[in-house]
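**Q** give me a 3D structure for the following:
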Amino acid sequence: MTALSNDAIHIETFHSTGSSIAAPPQINASGRRDVIDRASKMLKAAATSWFAVAISGQMLFAAYVIGFYGRAALLGQFEIWNKVLPHGYVAGDTVGNLIVGMHLLFAVYIMLGGAIQLLPGVRRRWPKLHHWNGRVYLTSALVMSVGGLVMLATRETVGDLSQQIAISINAVLIVGFAAMALYHARARRIDLHRRWALRLFLAVSGVWFFRVGLMFWIVLNQGPAGFDPKTFQGPFLTFLAFAQYLLPLAAMQLYFYVQDNAGPRGRIAMAAGLGVLTLITATGIFAASMIMWLPRLH
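**A** Presented below is the predicted three-dimensional model:
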């Protein structure tokens, strides 16, 4: 991006019989910088708004997991898990049930711990909390990913092979992103560390994105479309199984590119796109809360 200097714009006045025509007013470097700053603020505000909506939705999901699965566990009624998670509890399979329980527990912490990591105030005021929470967050992400793969291999799941492949790829990406975030943190490359940590946040949120995206799709079509709700298979679910992490990651990569390279128009366009994504996310969260999460708590 090249700033314009005062002598880079030539103004010519054309004289004719009794009249003159002047070129448009001069645009100087400071004016150009003001435009870029305003566009950058719009982009930052749009990104912050999306994260605020997403974090709020994840807190609702965490409350649902605690209220539904946690309450059933405290009451010793583990079979209730199977109303939502097919074969989540298998009588006599102590090891398998423990893995499922730990997977759910780490999923709750991932959402709560991720929210803490993303708060700028925590990084500034309590850096030690940020560092230690980050270590636990990375460990939880790894354990949850491995636990998810074990569940795929040992428990009967809904969906077809394409969805299982998508989930497996998601788990591998989580491991890779966690490793890169840790590598750059140790090397004190903080900017790169934050970007990989954000990618990790999006990847571990895949399960949440799936539910929000599914509910938005159902509301948009006023019912199931592109899949069979009984078998939970169909082209849309195959698409969503991959899109649950690939689309957020692609959007973030585009955001990074625009932030680093784009001019005012590109930044404003990206801000508008994030505004649309925020509306979609909010709609999906509301639908998931009203259709899935809140009814199951009663």
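
**Q** low-confidence regions, the chain specifically.
**A** 1-32, 298 (pLDDT under 70).

**Q** ranges for the helices of it?
**A** 29-65, 71-74, 94-118, 120-125, 127-154, 161-186, 190-204, 206-221, 235-261, 264-288, 294-296 (DSSP state H).

**Q** including mean neighbour count and distance to His87, could the ones you listed go into TSV?
**A** For the C-beta atoms, the positions are set from N, CA and C on the backbone; glycine is no exception. Formatted as TSV, these follow (neighbours: other CB atoms under 10 Å; distance: least, CB to CB, whole Å):
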stretch	mean neighbour count	distance to His87
helix 29-65	17	18
helix 71-74	14	15
helix 94-118	18	9
helix 120-125	11	38
helix 127-154	17	9
helix 161-186	18	14
helix 190-204	20	23
helix 206-221	20	17
helix 235-261	17	19
helix 264-288	18	22
helix 294-296	12	18
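
**Q** for Val84, which of the ones you listed is the nearest?
**A** helix 294-296 (6.7 Å; CB to CB).

**Q** need the contact list for Ala45.
**A** Ala271 (CB atoms under 8 Å, 6 or more residues apart in numbering).

**Q** same thing with Ala197?
**A** By CB under 8 Å, 6+ apart, the contact set of Ala197 is Gln117, Gly134, Phe177, Ala181.

**Q** measure it to Leu118 for me?
**A** Note on Ala197: its distance to Leu118, by CB to CB, to the nearest Å, is 9 Å.

**Q** quick one: the nearest residue to Ile80 once chain neighbours are set aside from Gly176, how far?
**A** Spatial nearest neighbour of Ile80, excluding adjacent residues (CB to CB, 6 or more residues apart in numbering): Ala72 at 4.0 Å. The gap separating Ala72 from Gly176 is 34 Å, by CB to CB.

**Q** likewise Ala46?
**A** Relative to Gly176, and taking CB to CB, Ala46 is found at 28 Å.

**Q** same deal with Ala54?
**A** Using CB to CB, we find Ala54 at a distance of 22 Å from Gly176.

**Q** next, the contact list for the most centrally placed residue in the chain, please.
**A** Centroid check for the chain by CA atoms, centre = their mean gives Leu202 as the closest residue, at 3.7 Å. By CB under 8 Å, 6+ apart, the contact set of Leu202 is Phe209, Tyr245, Pro248, Leu249, Met252.

**Q** 7 Å instead, please
**A** Neighbouring residues of Leu202 by CB atoms under 7 Å, 6 or more residues apart in numbering: Tyr245, Pro248, Leu249, Met252.

**Q** Leu247 now?
**A** Applying CB under 7 Å, 6+ apart to Leu247 gives no contacts.

**Q** and the gap between it and Phe236?
**A** Taking CB to CB, one finds Leu247 at 14 Å from Phe236.

**Q** ditto for Ala166
**A** Counting by CB to CB - Ala166 and Phe236 are separated by 13 Å.

**Q** equivalent analysis for Phe106, please.
**A** Distance from Phe106 to Phe236, by CB to CB: 29 Å.

**Q** burial measure for Gln222, as a count.
**A** Residues within reach of Gln222, counting by other CB atoms under 10 Å, total 7.

**Q** how close does it sit to Phe106?
**A** From Gln222 to Phe106 the distance is 36 Å (CB to CB).

**Q** now Met215, nearest residue through space, not along the chain?
**A** Ala287 (3.7 Å).

**Q** same question for Leu85.
**A** Nearest non-adjacent residue to Leu85 (CB to CB, 6+ apart): Val100, at 7.4 Å.

**Q** what of Val258?
**A** Nearest non-adjacent residue to Val258, counting by CB to CB, 6+ apart: Met270, 4.3 Å away.
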